[in-house]
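Chemist: What follows is a predicted protein model with its sequence.
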Amino acid sequence: MADWVTISSLATAGGTLVLAVATFSSVRSGNRSARVAERSLLAGIRPVLMHSHLEDPPVKVGFADNHWMMVPGGSGGADVTPEAVYLAMSLRNVGSGIAVLHGWCFWAERQTGAGAEAPPLEEFNRLTRDIYIPVGDVGFWQGVFRDTASEAFAEAAAAIERRDAVTIDVLYGDHEGGQRAITRFGLTPRPDGDKWVVAAARHWNVDREDPR
């Protein structure tokens, strides 16, 4: 005679197992969908900075002490005075979200991209104001050395006056404060006059995996 108690228990256990498997699959599918949705959302507000085009309009860059530069498209500016070293670059945001610039590092020489590592975040100079570059539009980066007794001031002033190629790392992120990235730019003097050419050389992600 059939043991209906045992059969009932086995049926209940089988049903519970099927329900557990279905629940696990549903949760895993839901988590995957949530991750995909999150990545899509982040991609929609992700900025990517590059040098601007030579045909882009010039940008007017003002400093706190009323020093001004007019920087042409695809170019940079560098002025040395007894009180300060002023630097600026014309940049273009080729990403899909507003770029908010946070800080910068200066190298008084050309830094190659091959095998290079991004500088630690604590080495970046904080901008005195956030600079915003709209999507698909042109903006600028600016930096200044004011401590005339510092080694950094002396190195920057000497490199600019010699018209050596220099390197600037720019730290920026999206308008939500995330997706931070570092783009390395080379600032190279043009032979025809006092202009400088800007070119993006390397890109690092801070808050997510690198692109390579």
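Modeler: Looks like it came in fine.

Chemist: which regions of the protein lie under the pLDDT threshold?
Modeler: Residues of the chain that meet the criterion pLDDT under 70 lie in 1-11, 13-18, 20-43, 113-115, 211-212.

Chemist: which residue is nearest the middle of it?
Modeler: residue 181 (3.0 Å; Cα atoms, centre = their mean).

Chemist: Contact partners for that one?
Modeler: Contact partners of residue 181, counting by Cβ atoms under 8 Å, 6 or more residues apart in numbering, are 47-49, 171-173, 203-206. Glycine gets a C-beta too; all of them are placed from N, C-alpha and C.

Chemist: what about 10 Å?
Modeler: Contact criterion Cβ atoms under 10 Å, 6 or more residues apart in numbering gives 46-49, 95, 99, 118, 170-174, 203-208, 210-211 as the residues in contact with residue 181.

Chemist: Which of those residues fall in strands?
Modeler: Assignment to strands by DSSP state E places the following of the contacts of residue 181 there: 49, 99, 170-173, 203-205.

Chemist: and these, which two are the farthest apart?
Modeler: Largest separation among these by Cβ to Cβ: 99 and 204, giving 15.0 Å.

Chemist: okay, these two: which has more neighbours?
Modeler: In this view residue 99 and residue 204 are compared by other Cβ atoms under 10 Å, and residue 99 has more residues nearby, 30 against 18.

Chemist: Kindly provide the distance from the more buried one to residue 133.
Modeler: With distances defined as Cβ to Cβ, to the nearest Å, the gap from residue 99 to residue 133 amounts to 4 Å.

Chemist: Count the residues that sit near residue 93.
Modeler: Here the number of neighbours of residue 93 (other Cβ under 10 Å) works out to 22.

Chemist: Isn't it up against residue 141?
Modeler: No. Counting by Cβ atoms under 10 Å, residue 93 sits too far from residue 141 to count as a contact (11.4 Å).
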